[in-house]
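Undergrad: Here you go, sequence then predicted model.
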Amino acid sequence: MRSMELGTPDGIRTRLNSLVLAGRKTTTTGLMEEYVKEAEGLEYPGERMALLDDRGQPVAVIEITAVAVTCFGEVTWEHARAEGEGDTTLEDWRTGHRRYWGRLGTAVEDHTPVVCLGFRLVEGE
């Protein structure tokens, strides 16, 4: 079983994992650049993945329900809202994600390729 790590291990991952475990987070967005850099294949609907904590330990099992490759500027409000992070508008979501990826060294423009994943919680703590 492959694994997924949401966010970064600086408190963000713990917060995102808690949203998944509470059923509030059912989507996530990643940069296509990361898949290429890690030579990692895309997830696929029906794939089950271990959700890892800051120490690399599993906290849940999720099942991928949707996979879409698009550009950042085309991410829908439906997808962004389902990330469950409290954004009240699509523009808030875009600003927050640009800030997050910018801190990690990647400038994100509207044409930047992203992977939008939908998932459901299968097992959790």
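TA: Received, thanks. Numbers count the residues shown, from 1 in each chain.

Undergrad: in this structure, which spans are strands?
TA: Under the criterion DSSP state E, the chain contains strands at 3-4, 27-31, 48-52, 58-71, 113-124.

Undergrad: relative orientation of the fourth one and strand 27-31 in degrees?
TA: With axes from the mean of the first three to the mean of the last three CA atoms, to 10 degrees defining the directions, strand 58-71 sits at 60 degrees from strand 27-31.

Undergrad: Listing partners with orientation, what would you give for strand 58-71?
TA: Strand 58-71 has these partner strands in its sheet, going by DSSP bridges: strand 48-52 (antiparallel), strand 113-124 (antiparallel).

Undergrad: tell me what the lowest-mean-pLDDT helix or strand in the chain is packed against?
TA: Among the helices and strands of the chain, helix 32-37 carries the lowest confidence by mean pLDDT, DSSP states H and E, at a mean of 90. Counting contacts by 3 or more CB pairs under 8 Å, 6 or more residues apart in numbering; DSSP states H and E, helix 32-37 packs against strand 113-124. Bear in mind the C-beta positions are built from the backbone N, C-alpha and C, glycine included.

Undergrad: in the sheet, who's paired with the residue most central in space within the chain?
TA: Nearest to the mean C-alpha position of the chain, counting by CA atoms, centre = their mean, stands T28 at 2.6 Å. T28 forms beta bridges with L117, as assigned by DSSP bridges.

Undergrad: That one reaches L6, doesn't it?
TA: Yes. With contact defined as CB atoms under 8 Å, T28 counts as touching L6 (6.1 Å).

Undergrad: who touches both of those two?
TA: Common contacts of T28 and L6 (CB atoms under 8 Å, 6 or more residues apart in numbering): L16.

Undergrad: ok, P113 to N17 distance?
TA: To N17, P113 is 25 Å away according to CB to CB, to the nearest Å.

Undergrad: Same question for E78.
TA: 22 Å.

Undergrad: And for E109?
TA: Distance, E109 to N17, by CB to CB: 29 Å.

Undergrad: repeat for I64
TA: Look at I64 and N17: by CB to CB, they are 16 Å apart.
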